[in-house]
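1. Quick one: sequence and predicted model below, then my questions.
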Amino acid sequence: MPAIIIIIAGIFGGFLASTALLVLILMFSKKNVLEFLLVLLIFTFFLGDNSIGPFAFMQNFRFVMVLVSILYLLKYKVIKNSIANYLLPFTIIAFFITLLFSPIGIAAGLRSLGFWLVGLVIFKLANLLYLKNSKRASELLVLVLVLYFTVNLILVFFPFESVYLNGRFKGLTGNPNGLALIAMFSYALLSLIKKRKDTIFKNTFFLVFRIAIFFVIILTGSRTALLCVIALQLIIWTEKHIVWRYISIFILAFLYLFFEDLIRYSLFQEISFLRIETIADASGRTEVWPVAWEHIKNDGFIGNGILYDDYFMKDYVYRNIGENASRHWAGVWNSYLSLLLDVGLVGLIAYVYFWIQVFRKSHYKNLAIAFVFMCLLSGITESWMAASMNAFTPMMFLFWAIQSQPATNK
């Protein structure tokens with residue numbers, strides 16, 4: 001309830017009002033503060049993609065949330081023995097590259113520090129809550145996701161704002177792809193919580209909830225999230241059948257490569273959310289990628305700092321295309337190209353180091369493999385890995401934070 005009150009305060013009074021209320025609650029509240037921080041942090045990042053509308057204040061409030069959370073968690077030795085410290089090599093590299101070469105300034109430097117700071121908060125909160133009561137922690141996360149997606153599903157039928165963008169459902173987020181990726185990561189988190197078997201929720205509940213999330217993804221029209229969730233589920237299903245796993249991955253790869261032709265000559269060609277006409281060029285992304293790659297070949301070893309990928313694309317469009325540029329020129333749309341533009345090969349290697357370490361600490365390896373595959377696949381057409389303050393990087397941290405907790409069922 002306090003988290004909802006803070007969100008309402010922000011809607012009517014902006015991020016300063018929500019900040020003041022947050023500080024007051026932390027000063028005088030004695031019970032369930034860690035739970036409150038985690039819930040508010042999740043909602044803050046879920047809503048932080050809104051640049052206009054009632055939730056636009058979240059753009060600034062998410063920075064406040066991270067800073068206040070860090071300060072509060074100092075008494076719990078937030079830095080000591082944190083898994084987030086595996087992010088330090090990447091963060092240090094990103095910070096100094098940004099400091100030395102970025103044309104953007106201090107905002108980019110803060111975003112580079114954000115990887116480590118957000119990681120510290122997520123890993124510490126998850127660790128404290130799961131060590132205290134793993135059942136309560138898992139059920140809390142499930143209830144947060146239930147609330148979020150219930151509101152989104154209500155908006156499908158009773159929209160009070162403009163919750164559609166060009167016929168694609170965006171719900172409470174700023175754009176359809178954002179909601180789709182939140183749904184994709186939520187699907188993975190629910191699969192992990194179900195695997196742990198430390199909640200009162202039955203398998204039927206998880207099945208129905210994940211079907212609902214799948215439905216939301218379809219409404220968003222995000223083919224990336226749809227394909228990634230299917231890939232995740234295939235790997236989960238084939239845990240004890242390695243041969244079938246490779247066969248299913250091969251079939252998935254085949255469908256990915258020949259999706260356009262298969263759909264064009266099938267009974268499903270009238271399904272509008274697939275947007276058949278834009279599958280071949282990934283909605284224009286294949287036009288952007290060679291431009292980014294040409295620039296990477298000149299500065300691919302160390303890059304030019306966090307947020308440079310966005311700066312580069314805006315500069316390129318201004319100099320070469322003009323104000324009437326198509327939407328796909330608004331970004332790089334590829335995590336690997338974005339990371340190379342921002343932190344170069346050195347930073348990319350440091351980022352991979354973090355992934356290797358959290359994978360090693362995971363207790364449910366099959367789910368970890370499925371999650372890695374899902375993330376790598378989504379990174380082909382989305383640049384989420386190169387940002388610290390979106391909704392998706394914190395969710396990735398949360399997945400690994402739960403994976404690192406003592407296993408309840410293996």
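-> Nice, I can see it.
2. and the strand or helix carrying residue 143, what does it pack onto?
-> With secondary structure defined by DSSP states H and E, residue 143 is part of helix 106-157. Helices and strands touching helix 106-157, by 3 or more CB pairs under 8 Å, 6 or more residues apart in numbering; DSSP states H and E, are helix 33-47, helix 58-73, helix 88-101, helix 176-196, helix 203-220, helix 392-403. No exception for glycine: its C-beta is placed from N, CA and C like everyone else's.
3. Neighbours of residue 80, how many?
-> Neighbour count for residue 80, taken as other CB atoms under 10 Å: 8.
4. quick one, helices of the stretch 251-400 of the chain?
-> In the stretch 251-400 of the chain, the helices defined using DSSP state H, counting those that start in this stretch lie at 259-264, 285-299, 308-320, 335-360, 365-378, 392-403.
5. want to try CSV for these, with distance to residue 85, mean neighbour count and mean pLDDT as columns?
-> Output for the helices of the stretch 251-400 of the chain, formatted as CSV (distance: least, CB to CB, whole Å; neighbours: other CB atoms under 10 Å; pLDDT from 0 to 100):
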stretch, distance to residue 85, mean neighbour count, mean pLDDT
helix 259-264, 41, 14, 48
helix 285-299, 28, 15, 86
helix 308-320, 25, 17, 90
helix 335-360, 9, 20, 96
helix 365-378, 20, 20, 93
helix 392-403, 13, 23, 97
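6. sorry, back to before: any idea of the mean pLDDT for the helix holding residue 143?
-> Average pLDDT, helix 106-157: 94.
7. Tell me which of the helices of the stretch 251-400 of the chain approaches residue 133 most closely.
-> helix 392-403 (13.7 Å; CB to CB).
8. List of residues touching that closest one?
-> For helix 392-403, contacts defined as CB atoms under 8 Å, 6 or more residues apart in numbering pick out 41-42, 45, 83-84, 115, 118-119, 122-123, 125-127, 130, 138, 141, 181-182, 185-186, 188-189, 192-193, 196, 358, 361-364, 367-368, 371, 375, 384-385, 387.
9. Name only those of those that count as buried.
-> The neighbour count (16 or more other CB atoms under 10 Å) marks 41-42, 45, 83-84, 115, 118-119, 122-123, 125-127, 130, 138, 141, 181-182, 185-186, 188-189, 192-193, 196, 358, 362-364, 367-368, 371, 375, 384-385, 387 as buried among the contacts of helix 392-403.
10. Pull the residues that contact the helix or strand following the helix holding residue 143.
-> Counting by DSSP H and E, the next helix or strand C-terminal to helix 106-157 is strand 164-165. Residues outside strand 164-165 that contact it (CB under 8 Å, 6+ apart) are 170, 175-176.
11. so how many other residues sit close to the residue nearest to residue 155 when sequence neighbours are not counted?
-> In this structure, residue 155 finds its nearest non-sequential neighbour in residue 163, 4.8 Å apart by CB to CB, 6 or more residues apart in numbering. Using other CB under 10 Å, residue 163 has 18 neighbouring residues.
12. I figured residue 163 was touching residue 170, is that so?
-> Yes - at 5.9 Å, residue 163 counts as touching residue 170 under the criterion of CB atoms under 8 Å.
13. Give me the distance between residue 39 and residue 66.
-> Noted for residue 39: a distance of 15 Å to residue 66, by CB to CB, to the nearest Å.
14. Over to residue 363?
-> 27 Å.
15. what about the helices of the stretch 251-400 of the chain, which gets the closest to residue 72?
-> Closest of these to residue 72 is helix 392-403, at 16.7 Å (criterion: CB to CB).
16. check contacts around residue 329.
-> 284, 288, 313, 316-317, 321.
17. at 10 Å what do you get?
-> 284, 287-288, 291, 313-314, 316-317, 320-321 (CB atoms under 10 Å, 6 or more residues apart in numbering).
18. These into a markdown table, with extra columns for distance to residue 134?
-> Conversion of the contacts of residue 329 to a markdown table gives the following (distance: CB to CB, whole Å):
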| residue | distance to residue 134 |
| --- | --- |
| 284 | 45 |
| 287 | 48 |
| 288 | 44 |
| 291 | 48 |
| 313 | 43 |
| 314 | 45 |
| 316 | 49 |
| 317 | 49 |
| 320 | 54 |
| 321 | 52 |
